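K.L.:
could you look at this predicted model? Sequence included:
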Amino acid sequence: MSLLEVENVVSGYGEEMEILHNVSIRVEKGEIVSLIGPNGAGKSTLMKTIFGLLRAWKGRVLFAGEEITRLQPEQIVRRGLCYVPQVDNVFPSLTVQENLEMGAFIRDDDYRPRIDEVYDMFPDLKGRRGTRVGRLSGGMRQMVALGRALMLDPQMLLLDEPSAGLAPLVVELIFERIRAINQQGVTIVIVEQNARKALENSDRGYVLVDGQNRLEGAGQALLADKQIGELFLGR
Amino acid sequence: MAELVGYGVVLGSIITLGAIGLTLIYGIVRFGNFAHGDLMTLGAYLALLLAARLFPALGVSDSRLGALSFGWVMLVSFVPAMVVTGLVAVGVDRLVYQRLRHLRVPPVMLAMASLAMAFILRSLIYIFWGPDFHFYTSGLRPMLMLPLGIKLRPDQIFIIVTAWVLVVALYLFLQRTKMGKALRAMADNPDLARISGIPTEQMTTWTWIIGGGMAAAGGILLGIDSQVRPEMGWILLLPLFAAIILGGIGNPYGALVGGLVIGVVQQVSTQWLLPAYKPAVAFAVLIVILLFRPQGIFGGS
């Protein structure tokens, strides 16, 4: 059984604007999987549909074997699936510590040990725990965003363009942290414009074009693929 | 002048109680609640109902507290008046605003609906209590002479102290408790709050209870300072908006400073202007802020 199964999903915005025409993906436990493709291919739409922010018009989404197609994000998050949006993924007027606490909002147990674990994973944040996140750099904010999502000890993280707008060195650092998170047993799905970076750091990748799956394969195989090279990798 | 500043702090403390709720509602429910002034009026009348009608009818004897013009019955009436006003605010939300939210109407529609609610609330107050002025207590209210030429009645010192106790309590709630932090988080980024599993409708309910309760307290204190009448909150609406825009709309800490500034500016202006122009002064301040610093003193990203 795959941890996440998306079967023949059709989805979009409003009543008319169909973005995903027929998309199916599978993610196995423990994997890092990238969704790549040109602008407007429906990568972010797919992620929002999985997480219940958009309604699937057709098809179904299964997480850990159970159907979550019609669930609200508030319910999905309780099943161990967390989502980090591309923009506005922190609470800017709250401190670093408060952002992490909000990530743990639905936890009833003592989450303080988990906060320490998140600080261990992002040591830069520890010294800034009392700083308002709005005053931090883009890279630090991205760490707060990841840290917030990790507070629930999720089984799976959905990351929408974690490298967007970051300097190359910071991108390197973020992907290194994403791999470390994966090492701890968290399955990860990444949507990326930066296809090369994403595929280099992934076990597998899906190429989405015009709201449909175009290709699927191991990260390295897709990187070597001539067609993809022409499409997105600038070769 | 010092005397006017003293009165300004009294008025400013009352405005702050209204403004904090108004700005919280703006931040979390996402519209300007034009009925907020009338929630203050409702709170004042509910306290009147309890302190001046219900308790005397029950034969409860009351005696003045020290130099204050009222007794413990007034203090006892405070909390239920705040709670009921908060519940009325929640009820109005369920009946009107929540339905409109589910229809995904633009914020201006919600604001217009709240304007209608303002008229409805005030009309109900006219129907039940009539247009006359009421006083919580009758009798003389002597002045105290304080240093620096400040003259205040003991009641007014009570108003300032009570307002600040409530403001500090709200500050601690927002700063220290999980629920308070979640309210700030939701004001900051409602989508991320939802993604984090924060129950947004429940947060909205709490916002109305807090906003309505604080408004009621402000209305009661205004009634203690002067008198209880149907228009008392409505005429305060403009200063309330001026205060929250001055402090950066949606920011409860800004509303605190904004409320005090507007109160003091309004009262000090009477040095040169007729008191009837006080609302115009709040309006002038509002326009100046909007022209030169529309994000407010504490606004910005």
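P.N.:
Perfect, I can see it now. Numbering: from 1, shown residues only, chains lettered A, B, ... in the order given.

K.L.:
okay, CA-based contacts and neighbour counts for the rest of this
P.N.:
OK.

K.L.:
what's the neighbour count on the closest residue to chain B within chain A?
P.N.:
Residue of chain A nearest chain B, by Cα to the nearest Cα: A:Glu74 (4.4 Å). Applying other Cα atoms under 10 Å in any protein chain shown, we find 20 other residues in the vicinity of A:Glu74.

K.L.:
mind giving me the packing neighbours of the helix ranked longest in chain A?
P.N.:
Longest helix in chain A, counting residues (DSSP state H): helix A:168-183. Counting contacts by 3 or more Cα pairs under 8 Å, 6 or more residues apart in numbering or on different chains; DSSP states H and E, helix A:168-183 packs against helix A:138-150.

K.L.:
so the residue most central in space within chain A: helix, strand or coil?
P.N.:
Most central in chain A under Cα atoms, centre = their mean is A:Leu159, positioned 1.5 Å from the mean C-alpha point. Of the three states, A:Leu159 takes strand under DSSP: H, G, I helix; E, B strand; the rest coil.

K.L.:
so it makes contact with A:Tyr83?
P.N.:
Yes. With contact taken as Cα atoms under 8 Å, A:Leu159 and A:Tyr83 are classed as touching, separated by 6.1 Å.

K.L.:
so where's the stretch 151-300 of chain B uncertain?
P.N.:
Counting by pLDDT under 70, the stretch 151-300 of chain B shows low-confidence ranges at B:299-300.

K.L.:
redo that, cut-off 90
P.N.:
In the predicted model of the stretch 151-300 of chain B, residues B:151-154, B:200, B:247-254, B:275-300 satisfy pLDDT under 90.

K.L.:
tell me which parts of it are close to chain A?
P.N.:
Contact residues (Cα under 8 Å from any Cα of the partner chain) of the stretch 151-300 of chain B with chain A: B:178, B:181-182, B:184-185, B:188-189, B:192-199.

K.L.:
closest one of those residues to B:Ser226?
P.N.:
For those, the minimum distance to B:Ser226 (Cα to Cα) is 34.1 Å, reached by B:Arg184.

K.L.:
assess the claim that the closest one and B:Phe173 are in contact.
P.N.:
No. Contact criterion Cα under 8 Å: B:Arg184 and B:Phe173 do not qualify, at 10.6 Å.

K.L.:
okay, the two: which has more neighbours?
P.N.:
Taking other Cα under 10 Å, B:Arg184 and B:Phe173 do not tie; B:Arg184 has more neighbours (23 against 15).

K.L.:
so what's the more buried one closest to, chain neighbours aside?
P.N.:
Leaving out its chain neighbours, the residue that sits closest to B:Arg184 by Cα to Cα, 6 or more residues apart in numbering or on different chains is B:Leu174, at 7.1 Å.

K.L.:
now for the longest helix seen in chain B, which elements pack on it?
P.N.:
As assigned by DSSP H, the longest helix anywhere in chain B is helix B:2-29. Packing partners of helix B:2-29 (3+ Cα pairs under 8 Å, 6+ apart): helix B:36-48, strand B:151-152, helix B:154-176, helix B:178-188, helix B:200-225, helix B:237-246, helix B:252-269.

K.L.:
excluding its backbone neighbours, what's nearest the residue of the stretch 101-250 of chain B found nearest chain A?
P.N.:
Using Cα to the nearest Cα, the single residue of the stretch 101-250 of chain B nearest to chain A is B:Gly197, 4.4 Å away. With sequence-adjacent residues excluded and distances taken as Cα to Cα, 6+ apart, B:Gly197 is closest to A:Glu74, at 4.4 Å.

K.L.:
would you agree the one you found is in contact with B:Ala193?
P.N.:
No. Using Cα under 8 Å, A:Glu74 makes no contact with B:Ala193, being 9.4 Å away.

K.L.:
OK, contacts around residue 146?
P.N.:
Reading this off chain A. Contact analysis of A:Leu146 by Cα atoms under 8 Å, 6 or more residues apart in numbering or on different chains lists A:Val84.

K.L.:
the chain in question should be chain B.
P.N.:
By Cα under 8 Å, 6+ apart, the residues touching B:Leu146 are B:Leu152.

K.L.:
would you map the strands across chain A?
P.N.:
A:4-13, A:17-27, A:32-36, A:56-63, A:66-67, A:81-84, A:156-160, A:187-192, A:204-209, A:212-218 (DSSP state E).

K.L.:
mind listing what's buried along the last one?
P.N.:
This means strand A:212-218. Using 16 or more other Cα atoms under 10 Å in any protein chain shown as the test for burial, strand A:212-218 gives A:212-213, A:216, A:218.

K.L.:
reformat those residues as a markdown table; add distance to A:Met47 and pLDDT.
P.N.:
A markdown table is the format used below for the buried residues of strand A:212-218 (distance: Cα to Cα, whole Å; pLDDT from 0 to 100):
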| residue | distance to A:Met47 | pLDDT |
| --- | --- | --- |
| A:Gln212 | 14 | 79 |
| A:Asn213 | 14 | 79 |
| A:Glu216 | 17 | 75 |
| A:Ala218 | 20 | 78 |
